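Okay, here's the prediction I keep looking at, along with the sequence it came from:
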Amino acid sequence: MKEKFYQYIQELQDTITSTLEALDGKAVFKEDIWKREEGGGGRSRIIENGAIFEKGGVNISGVHGALPPAMQSYFKVGDVNFFACGLSLVLHPANPMVPTVHANWRYFEMYDQEENLIDSWFGGGLDLTPYYIFEEDAVHFHSVCKKSCDQFNPSFYPDYKKKCDAYFYNAHRKEGRGVGGLFFDYCKKSDRMSMQNWYDFVTTVADSFLDAYIPIVRKRQYLSFTKEQKNWQEIRRGRYVEFNLVHDKGTLFGLRTNGRIESILMSLPPVVQWKYDYHPKPGSEEAKLVAILQNPREWIV
């Protein structure tokens with residue numbers, strides 16, 4: 001399974017980066033191939049200063065070795081070895097009318113000291129972080145997510161949508177990071193789902209990413225914006241940074257397993273503001289966004 005999924009994410013990275021380059025029309029992805037001293041490595045692709053994308057990354061990795069003590073404690077296991085691979089992407093558009101997007105699809109295996117497989121699971125999802133609310137965009141994004149889920153189980157979308165709202169939540173701010181999407185983790189073999197079934201589900205969701213995001217970009221990329229609206233985008237980007245550094249499991253896992261720091265922190269936006277005790281004007285479009293982030297919606301009725 002690990003070879004099969006790693007081959008898949010290599011091909012998916014090619015598909016996504018070539019599509020995004022054609023869409024941007026100005027910038028191209030810079031590629032970094034790197035190796036991890038303890039075992040494995042990856043292929044990072046970064047785009048910057050484009051016509052649409054101010055900064056973004058579409059990275060894949062496959063790492064292995066002894067599970068570090070910090071992660072042993074997290075997983076409540078002893079001395080075990082692991083293999084982890086996945087694709088992670090974040091895109092920060094220049095235009096504040098175009099939302100930031102994040103996605104990740106991953107596979108994990110754990111072994112005893114004799115290299116016998118003792119556990120394995122899939123995880124992942126995708127989520128949308130707008131700076132200005134266009135309700136039809138959120139509906140479109142969630143509709144694509146639901147369509148992917150419904151092919152496998154009608155309970156998946158409401159369950160994973162709820163988990164996404166709960167996961168991408170800045171508890172210290174009492175607000176969501178964005179308008180959500182899907183989040184699933186520890187997807188293991190069961191009576192109803194084999195590991196092949198989970199592979200099919202995860203790859204179906206991943207294959208739908210471009211359909212979920214690209215139409216939104218095309219619709220919003222040429223909208224005009226003011227300096228004040230750009231400032232608001234940068235203030236909201238600060239909340240994005242806070243979530244990633246305080247709460248995000250993927251970021252913390254990478255930092256605790258001696259991951260490649262440039263690849264881990266590629267998710268951070270290029271320009272950010274933190275203004276002291278800033279609150280948007282009541283009744284404004286900015287205040288409308290905050291109200292939605294504080295009270296997650298059901299976008300598909």
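Yep, it's here.

CA atoms for contacts and neighbours, from now on please.
Fine.

Check which helix or strand the closest residue to residue 140 other than its chain neighbours maps to.
Nearest in space to residue 140, with sequence neighbours left out and distances taken as CA to CA, 6 or more residues apart in numbering, is residue 212 at 6.9 Å. Using DSSP states H and E, residue 212 sits within helix 209-220.

Check which residues of that helix are buried.
209, 212-213, 216-217, 220 (16 or more other CA atoms under 10 Å).

would you list the residues you listed in JSON lines and tack on pLDDT?
Below are the buried residues of helix 209-220 laid out as JSON lines (pLDDT from 0 to 100):
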{"residue": "209", "pLDDT": "98"}
{"residue": "212", "pLDDT": "98"}
{"residue": "213", "pLDDT": "98"}
{"residue": "216", "pLDDT": "98"}
{"residue": "217", "pLDDT": "98"}
{"residue": "220", "pLDDT": "98"}
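
Pick out whichever of these sits closest to residue 195.
Closest approach between those and residue 195, by CA to CA: residue 209, at 21.5 Å.

Please report how far that closest one lies from residue 151.
16 Å (CA to CA, to the nearest Å).

before we move on, what about residue 26?
Separation of residue 26 from residue 151 (CA to CA) stands at 37 Å.

Likewise for residue 174?
34 Å.

contacting residues around residue 96?
Counting by CA atoms under 8 Å, 6 or more residues apart in numbering, residue 96 touches 130-132, 225, 229-230, 233.

what's the distance between the residue lying farthest from the centre of the chain and residue 80?
Residue farthest from the centre of the chain, counting by CA atoms, centre = their mean, is residue 114 at 33.8 Å. For residue 114, the distance to residue 80 (CA to CA) stands at 9 Å.

now swap in residue 219 and tell me
48 Å.

With residue 63 instead?
14 Å.

just residue 61 next, same as before
Taken as CA to CA, the span from residue 61 to residue 80 is 20 Å.

So which of those two has more stuff around it?
More neighbours surround residue 61 than the other of residue 61 and residue 80, with 25 against 18 (other CA atoms under 10 Å).

Name the residues of whichever strand or helix holds residue 264 that are buried.
Element membership for residue 264, per DSSP H and E: helix 261-264. Using 16+ other CA under 10 Å as the burial criterion, the residues of helix 261-264 that qualify are 263-264.

helices or strands up against it?
helix 249-256 (3 or more CA pairs under 8 Å, 6 or more residues apart in numbering; DSSP states H and E).

hmm, 6 Å instead?
The helices and strands touching helix 261-264, judged by 3 or more CA pairs under 6 Å, 6 or more residues apart in numbering; DSSP states H and E, number zero.

send the alpha carbons of it over as PDB?
Provided in PDB are the C-alpha atoms of helix 261-264 (Å, rounded to 0.1, in the frame of the first residue of the first chain):
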ATOM      1  CA  ILE A 261      11.800  23.100   8.100                       C
ATOM      2  CA  GLU A 262      11.400  24.800   4.800                       C
ATOM      3  CA  SER A 263       8.800  22.300   3.600                       C
ATOM      4  CA  ILE A 264       6.900  22.400   7.000                       C
END
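
Measure how far that helix is from the centre of its chain, please.
Put simply, helix 261-264 sits 15 Å off its chain's centre (CA atoms, centre = their mean, to the nearest Å).

So for it, mean pLDDT?
Helix 261-264 carries an average pLDDT of 84.

C-terminal to it, what's the next element?
As assigned by DSSP H and E, the chain's next helix or strand after helix 261-264 is helix 285-294.

can you give me the helices for the protein?
Remark: helices assigned in the chain by DSSP state H are 2-24, 69-75, 135-150, 156-167, 195-207, 209-220, 227-246, 249-256, 261-264, 285-294.

weakest of these by average pLDDT?
Ranked by mean pLDDT, the helices of the chain bottom out at helix 249-256, with a mean of 79.

okay, the angle between that helix and helix 156-167?
Relative orientation of helix 249-256 versus helix 156-167 (axes from the mean of the first three to the mean of the last three CA atoms, to 10 degrees): 60 degrees.

Tell me what angle helix 249-256 forms with helix 227-246.
When the same axes, to 10 degrees is applied, the directions of helix 249-256 and helix 227-246 differ by 60 degrees.

Endpoint to endpoint, stretch 187-200 covers what distance?
By CA to CA, one end of stretch 187-200 lies 12 Å from the other end.

List of residues touching that stretch?
Stretch 187-200 has contacts (CA atoms under 6 Å, 6 or more residues apart in numbering) with 121-122.

if you set the cut-off to 10 Å instead, what comes out?
With contacts defined as CA atoms under 10 Å, 6 or more residues apart in numbering, stretch 187-200 is touched by 1, 4-5, 107, 119-124, 152-153, 201-204, 206.

so who does residue 80 touch?
Counted by CA under 10 Å, 6+ apart, residue 80 has contacts 65-69, 72, 110-115, 118.
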